[in-house]
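# Fold the stuff below for me.
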Amino acid sequence: MQAFDRMLNVKGWVRTRRGNKQVGFIALNDGSTVHNLQIVVDIEQFGEEYLKPITTGACISVDGRLVPSQGAGQTVEIRAEKILIYGTADPAVYPLQKKGHTLEFLRSVAHLRPRTNTFGAVFRLSHHMAMAIHTFFHERGFFYFHTPIITGSDCEGAGQVFQVTTMDLRDLKKDGNGSILYGDDFFGRQTNLTVSGQLEGELAALALGEIYTFGPTFRAEKSNTPRHLAEFWMIEPEMAFYEIDDNMQLAEDFIKYCLRWALEHCADEIRFLSEHFDSELPERLHFVLNREFVRLKYTEGIRILEDAVAKGRSFEYPIYWGADLAAEHERYLVEEHFKSPVILTDYPKEIKSFYMKQNGDGKTVRAMDVLFPKIGEIIGGSQREEDYDKLSARAREMNVPEKDIWWYLDTRRFGTAPHSGFGLGFERLLLFVTGMANIRDVIPFPRTPNSADF
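Residues are numbered from 1 along each chain as shown. Down below sits the predicted model:
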């Protein structure tokens with residue numbers, strides 16, 4: 001119950017102002033909710049000249065009485081008795097006027113777009129997902145572990161890294177073969193921004209038991225797609241004594257925990273986003289929550305997809321054993337065949353990284369990908385190879401220099417143990433939870449090819 005007829009002070013930014021010569025109505029928002037608070041203004045009391053600068057985008061403080069609303073659209077309102085104008089926003093140049101703006105346009109004013117209902121909702125959801133992640137792992141006894149942002153290793157081995165240097169790029173020292181000499185560089189060796197905290201996370205798990213990382217990662221991948229960023233955040237738990245089945249169960253429990261948290265804490269934001277962007281959003285969240293994830297071996301998944309093709313189902317990308325599945329294949333398994341989230345396991349070793357535990361068949365590894373509706377893969381992980389000889393041999397096969405991972409191999413030399421882990425791109429999770437179509441719209445300041453404006 002609201003305690004009416006009491007004095008309140010409210011502060012925020014003006015979304016709209018309307019009215020007539022006698023009374024004005026200001027829609028005020030302080031960023032804490034998708035709902036605006038209506039401020040009722042007696043024009044004669046304040047004077048039109050004083051109120052003139054109060055336009056969309058202006059920032060004000062209002063002292064007034066909380067009263068039941070006489071109009072539709074809200075239950076309460078503030079009758080203003082005092083208004084202080086903190087900052088104005090000239091309507092001739094302020095870009096966020098009351099009209100429909102495309103998401104593409106809003107990316108060009110990323111410094112202002114958090115003031116819109118859409119991005120206010122997205123970024124409040126982002127906060128709650130971060131809280132859910134930390135709470136989930138803390139409740140289960142995991143330790144939050146910080147892995148380095150500057151590193152000499154390339155966990156994925158793809159070479160798509162941003163190099164870090166203090167050297168003068170116009171005057172690089174080279175040896176007789178034309179290779180750059182890094183002896184005078186800050187770290188005395190070639191370094192780059194991390195593509196993953198996994199390898200260092202494994203070191204911690206083999207000492208602390210169960211850890212997780214949650215930090216920024218970087219990929220210098222020239223992909224201008226709605227699913228790729230050059231800078232993004234990763235959640236990467238690593239667990240000693242976890243076999244692949246334990247890893248799969250943790251991933252399922254984790255993702256369901258995050259979705260349940262979103263539905264419980266962000267109902268208004270999800271309702272707003274479903275009304276304006278993705279009407280199927282609530283249904284899709286419940287789709288994941290209410291189903292057990294199907295465990296499916298890669299080989300069986302390929303057979304299902306090949307059967308679908310034989311029956312007339314067409315895919316843009318070919319299906320064969322050894323192929324790295326595309327999103328269209330993953331979504332078929334989830335949305336059409338099983339009608340349930342799927343955890344695909346036991347991939348061909350040729351399409352997976354060197355650190356994954358090899359199966360006895362000599363062909364596959366204990367990898368796992370969690371597949372969701374609409375987006376396909378949302379989590380990737382594996383049981384890690386704990387055998388020193390197998391790991392070092394596989395690294396050599398994949399041309400991963402031992403001089404770069406000697407410290408990683410040491411954990412297999414000294415007290416090795418079975419262990420597993422997975423990675424979840426934070427923005428990929430936000431895509432699913434918000435229903436937004438482009439990953440640039442779930443991170444405040446997206447970093448993509450030819451774009452680092454803010």
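# and Asp171, what is it in contact with?
Asp171 makes contact with no residue under the criterion C-beta atoms under 8 Å, 6 or more residues apart in numbering. Yep, even glycine has a C-beta here, placed from its N, CA and C like the rest.
# Can you give me the pLDDT of it?
Asp171 carries a pLDDT value of 91.
# any weak-confidence spans in the stretch 201-350 of the chain?
Applying pLDDT under 70 to the stretch 201-350 of the chain flags no residue at all.
# Going by residue numbers, what spans are helices in it?
Using DSSP state H, counting those that start in this stretch, the helices of the stretch 201-350 of the chain run over residues 244-265, 267-276, 281-289, 298-310, 327-331.
# and Arg447, which of these is closest to it?
Relative to Arg447, the nearest member of the helices of the stretch 201-350 of the chain by C-beta to C-beta is helix 327-331, separated by 22.1 Å.
# Could you give me the buried positions within the closest one?
Buried residues in helix 327-331, counting neighbours by 16 or more other C-beta atoms under 10 Å, are found at 329-331.
# I'd like to know which of those is nearest to Ala417.
The closest of these to Ala417 turns out to be Glu330 (C-beta to C-beta; 31.6 Å).
# so that closest one touches Val370, yeah?
No - counting by C-beta atoms under 8 Å, Glu330 does not reach Val370; the two are 9.8 Å apart.
# related to what we said a few turns ago, including distance to Val195, could the buried residues of helix 327-331 go into JSON lines?
Converted to JSON lines, these look like this (distance: C-beta to C-beta, whole Å):
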{"residue": "His329", "distance to Val195": "25"}
{"residue": "Glu330", "distance to Val195": "22"}
{"residue": "Arg331", "distance to Val195": "26"}
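# Would you mind naming the helix or strand containing the nearest residue to Asn36 once chain neighbours are set aside?
Closest residue in space to Asn36, ignoring its immediate chain neighbours: Ala27 at 4.0 Å, by C-beta to C-beta, 6 or more residues apart in numbering. Of the helices and strands defined by DSSP states H and E, Ala27 is found in strand 23-29.
# Give me the contact list for the following helix or strand past that strand.
Next helix or strand after strand 23-29 toward the C-terminus (DSSP H and E): strand 37-42. Contact with strand 37-42 is made by 10, 12, 19, 22-29, 51, 62, 64, 69, 71, 73-74, 76-80, 83, as judged by C-beta under 8 Å, 6+ apart.
# in the helix or strand following strand 37-42, what's buried?
The helix or strand immediately downstream of strand 37-42 is helix 43-46, counting by DSSP H and E. Buried residues in helix 43-46, defined by neighbour count with 16+ other C-beta under 10 Å: Phe46.
# pLDDT averaged over helix 43-46, what's the number?
Per-residue scores along helix 43-46 average to 96.
# quick revisit: just the buried ones among the contacts of strand 37-42, please.
Using 16+ other C-beta under 10 Å as the burial test, these include 10, 12, 24, 26-29, 51, 62, 64, 77-78, 80, 83 as buried.
# tell me the two of those residues that are most distant?
Asn29 and Leu51 (18.3 Å).
# For stretch 165-185, what is the distance to the chain centroid?
Centroid displacement of stretch 165-185 relative to its chain, using C-alpha atoms, centre = their mean, to the nearest Å, is 36 Å.
# For it, output the C-alpha coordinates as PDB.
Taking Å, rounded to 0.1, in the frame of the first residue of the first chain, the C-alpha atoms of stretch 165-185 are listed here in PDB:
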ATOM      1  CA  THR A 165      53.700  -4.000 -27.000                       C
ATOM      2  CA  THR A 166      55.400  -0.800 -25.800                       C
ATOM      3  CA  MET A 167      57.800  -0.900 -28.800                       C
ATOM      4  CA  ASP A 168      57.800   1.800 -31.500                       C
ATOM      5  CA  LEU A 169      55.900   0.200 -34.400                       C
ATOM      6  CA  ARG A 170      57.700   2.600 -36.800                       C
ATOM      7  CA  ASP A 171      61.100   1.300 -35.800                       C
ATOM      8  CA  LEU A 172      60.900  -2.400 -34.900                       C
ATOM      9  CA  LYS A 173      64.200  -4.300 -34.400                       C
ATOM     10  CA  LYS A 174      64.400  -7.500 -36.400                       C
ATOM     11  CA  ASP A 175      66.900 -10.400 -36.700                       C
ATOM     12  CA  GLY A 176      68.600 -11.600 -39.900                       C
ATOM     13  CA  ASN A 177      65.500 -13.600 -40.900                       C
ATOM     14  CA  GLY A 178      63.200 -10.600 -40.500                       C
ATOM     15  CA  SER A 179      61.600 -11.800 -37.300                       C
ATOM     16  CA  ILE A 180      60.800  -9.100 -34.700                       C
ATOM     17  CA  LEU A 181      63.100  -9.000 -31.600                       C
ATOM     18  CA  TYR A 182      61.100  -8.600 -28.400                       C
ATOM     19  CA  GLY A 183      64.000  -8.400 -26.000                       C
ATOM     20  CA  ASP A 184      63.500  -4.700 -25.400                       C
ATOM     21  CA  ASP A 185      59.700  -4.900 -25.100                       C
END
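# Please consider this matter closed, and thank you.
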